[in-house]
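In: Build the 3D model from these lines:
(one chain, ligands or ions: 3)
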Amino acid sequence: MTVNSNRLRIAIQKSGRLSQDSQALLTSCGLKINLREQRLIAHVENMDIDLLRVRDDDIPGLVMDGVCDLGFVGENVLEEVSLQRQMDNETYDYTVLARLDFGGCRLSIAVPQEEDYKSVKDLEGRTIATTYPRLLNRYLKQNGVNCRIVNLKGSVEVAPRAGLADAICDLVSTGATLEANGLKEVEVIYRSKAVLIQRRDLADEKQLKLIKKLMPRIQGVMQANE
Ligand code: PRP
Ligand code: ZN
Ligand code: MG
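Out: Ligands and ions are numbered 1, 2, ... in the order given. Sure, this is the predicted structure:
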């Protein structure tokens with residue numbers, strides 16, 4: 001299967017919290033998605049659109065680099081990648097087309113349940129494990145607290161029990177993961193939802209027209225869900 005550059009390319013999470021809802025939204029908008037095989041690229045049969053099914057963490061970069069035209073991604077990941085790219089002097093341009101009605105979660109600091117926690121000052125000198133080092137660092141700086149940050153790509157919630165950290169900073173949705181790991185949420189540092197983003201330099205007339213056709217449908221589906 002080859003990549004046809006005339007087709008609009010939309011990045012969606014391959015598997016995870018946003019996958020089902022992103023796909024369902026596109027299906028409700030009338031896209032017939034051919035998902036029979038576990039392929040990276042899924043063709044839309046009735047429109048000039050291809051879906052790129054990738055890891056959510058890769059989606060902001062793919063759109064910012066113009067590899068994909070649109071992307072469904074959590075604001076948490078988008079903000080973390082933006083901060084990282086700003087620091088590394090890389091491009092971090094994008095346009096938010098819509099804030100969506102799914103993927104709601106918060107990025108929070110959590111500590112062991114038995115801990116006597118009063119305020120953010122209690123974190124001074126402690127070690128915090130996270131997948132979001134830049135968002136966490138920004139928050140700690142704003143609050144004048146110095147911590148050591150341990151960067152983990154997964155299994156963040158087991159870090160305190162494993163003796164890797166005193167606290168964690170991770171996404172909380174229902175709170176079940178924290179509960180299951182004997183942790184309690186003590187600070188909310190970022191509230192997030194899924195958004196649809198577009199690359200800044202998109203200029204292809206046909207593709208822009210397609211987006212213009214798609215957007216009212218997305219708004220319509222969201223209104224119907226209210
Ligand atoms: C997040 C987070 C926790 C879980 C919390 O993971 O890392 O594992 O959700 O949800 P809960 O409060 O409902 O238990 P996510 O699904 O975003 O996957 P990822 O960590 O692989 O990106
Ligand atoms: Zn992820
Ligand atoms: Mg997780």
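In: Spit out the contact partners of the residue in the chain that ligand 2 sits nearest to.
Out: Per CB to the ion, D56 is where the chain lies closest to ligand 2, at 4.4 Å. Heads up, the C-betas are built off the backbone N, CA and C, glycines and all. Counting by CB atoms under 8 Å, 6 or more residues apart in numbering, D56 makes contact with 13, 16, 18, 73-74, 77.
In: Surely Q23 and I12 touch.
Out: Yes - between Q23 and I12 there is a contact under CB atoms under 8 Å: 6.6 Å.
In: quick one, which of those two is more surrounded?
Out: I12 (25 against 19; other CB atoms under 10 Å).
In: Now tell me what touches the helix or strand hosting that one from outside.
Out: In the assignment (DSSP states H and E), I12 maps to strand 8-13. For strand 8-13, the external contacting residues (CB under 8 Å, 6+ apart) are 3, 18-19, 22-23, 26, 47-56, 58-59, 62-63, 67-73, 207, 210-211.
In: quick one: which of the residues you listed sit in helices?
Out: Within these, membership in helices is found for 19, 22-23, 26, 59, 62-63, 207, 210-211, as judged by DSSP state H.
In: Excluding sequence neighbours, find me the nearest residue to the residue of the chain closest to ligand 2.
Out: Residue nearest to D56 in three dimensions, not counting chain neighbours: Q13, with 4.3 Å by CB to CB, 6 or more residues apart in numbering.
In: Identify the bridge partners of that neighbour.
Out: V54 (DSSP bridges).
In: what about it, neighbour count?
Out: Using other CB under 10 Å as the criterion, Q13 is surrounded by 26 other residues.
In: Got a ChimeraX select line for the buried ones in the contacts of strand 8-13?
Out: Typed into ChimeraX, the line below selects the buried ones among the contacts of strand 8-13, using 16 or more other CB atoms under 10 Å:
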select :18,22,23,26,47,49,50,51,52,53,54,56,58,59,62,63,67,68,69,70,71,72,73,207,210,211
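In: So what's the gap between the longest strand along the chain and the chain middle?
Out: Secondary structure of the chain read by DSSP state E shows that its longest strand is strand 183-192. Centroid separation for strand 183-192 versus its chain: 16 Å, with CA atoms, centre = their mean, to the nearest Å.
In: repeat for stretch 117-124
Out: 28 Å.
In: residue contacts, the most centrally placed residue in the chain?
Out: For the chain, the residue nearest the mean C-alpha position is G74 (2.8 Å; CA atoms, centre = their mean). By CB under 8 Å, 6+ apart, the residues touching G74 are 17-18, 56, 103, 105, 192-195.
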